[in-house]
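**Q** return a 3D structure for these sequence lines:
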Amino acid sequence: MASVHGRNVNDGDSKMTTAPTKKTAKAADRLAAVLKTIAAEKQDDLAKWKKRGPSLLKREDFVWDRLLSAFSTWGGSKGWDGLIGDKANYARVTYDAIGAYTKKRRVAEIEWVMRDAKVRYPANKAKYLADNYDLVKEMGGPAEARKLLLAAPGREGKLAFMRQFVGIGKKYARDMLMDAYHPDFHDSVALDSRVKSITEALGLSFSSYEDHEQFYLDVGRKAGLNGWEVDRILYNFRDDVTERLG
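**A** I've put the predicted structure just below:
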């Protein structure tokens, strides 16, 4: 899913402070009706993704794997196919595969692989991933990084942990754990370009990530869905949602 927010600080996530307007409430009702219908039609897909998610979290290299996945989709989801979906390319950038290189060679190798995989912004991403490799190494390696993530207290603690990494902002910090269907992130929304296009189609705008996310959480409650379900429907079936909104 799209957009990365650059180097960041752990400023936490504030609560919604903007009261919903009549326009926002009306838009929420419209969208909730659409999502409720699509959720019923796509319940098998949602169940499959929920079941598959926890297997990701069992990987000892979960943090590194999710970083690679995040950077593969920054700027366009097609990069996933070339980097994560292509087993040969993926094997060249695993934590162990690049571990023997110098920092300079590590940056070069990641960039080469990303170019081969047709990932966008390969030069910048190679530098970010090389810096993130150093951070994972300081933590004691991928398995220890995973333990530290899972030991972080609650949603806020895990968000703060993930946002230590270069290039990981509010969207990807959520998305990486939402992919694993982690219980702390069942009521989260990763605001990417697809979700934002729905917001625009509704004629809405929000002043903060938190207000924007809260809108979709409120929509979910109206539709009997959690944030994760709202997010996956909007991401995977955006065109259907847009068409039904009219």
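**Q** C-alpha only now, for contacts and for neighbours.
**A** Fine.
**Q** for the chain, longest helix please?
**A** Ranked by residue count and defined by DSSP state H, the top helix of the chain is helix 22-41.
**Q** what about that helix, average pLDDT?
**A** Summarised as a single mean, pLDDT over helix 22-41 is 97.
**Q** what comes up buried for the helix or strand just after it?
**A** Sequence order places helix 43-57 as the next helix or strand after helix 22-41, per DSSP states H and E. Within helix 43-57, the residues scored as buried using 16 or more other Cα atoms under 10 Å are 46, 49, 50, 53, 54, 56, 57.
**Q** check which helix or strand the spatially closest residue to the third one that is not a sequence neighbour maps to.
**A** Of all residues not flanking residue 50 in the chain, residue 181 sits nearest, at 6.0 Å (Cα to Cα, 6 or more residues apart in numbering). With the criterion set as DSSP H and E, no secondary-structure element contains residue 181; it sits in neither a helix nor a strand.
**Q** pretty sure residue 181 sits against residue 55.
**A** No - assessed by Cα atoms under 8 Å, residue 181 is found out of contact with residue 55, at 9.4 Å.
**Q** re the thing from before, can you list the buried residues of helix 43-57 in TSV and add pLDDT and distance to residue 189?
**A** As requested, those are arranged in TSV below (pLDDT from 0 to 100; distance: Cα to Cα, whole Å):
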residue	pLDDT	distance to residue 189
46	97	15
49	96	16
50	96	15
53	92	16
54	92	18
56	93	19
57	94	19
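**Q** TSV for those, including distance to residue 22?
**A** Shown next, in TSV, are the buried residues of helix 43-57 (distance: Cα to Cα, whole Å):
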residue	distance to residue 22
46	31
49	34
50	34
53	37
54	39
56	41
57	41
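**Q** okay, domains of the protein per the record?
**A** Per the record, the chain has its domains at 22-51+188-245, 57-180, by automatic domain parsing.
**Q** before we move on, back to that, between the buried residues of helix 43-57, which is closest to residue 114?
**A** Using Cα to Cα, residue 56 comes nearest to residue 114 of those, at 22.3 Å.
**Q** touching, that closest one and residue 180? I think so.
**A** Yes - in terms of Cα under 8 Å, residue 56 counts as a neighbour of residue 180; the distance is 5.6 Å.
**Q** leaving out chain neighbours, which residue sits closest to the residue nearest the centre of the chain?
**A** Centroid-nearest residue in the chain, with Cα atoms, centre = their mean: residue 175, separated by 2.3 Å. Residue nearest to residue 175 in three dimensions, not counting chain neighbours: residue 190, with 5.5 Å by Cα to Cα, 6+ apart.
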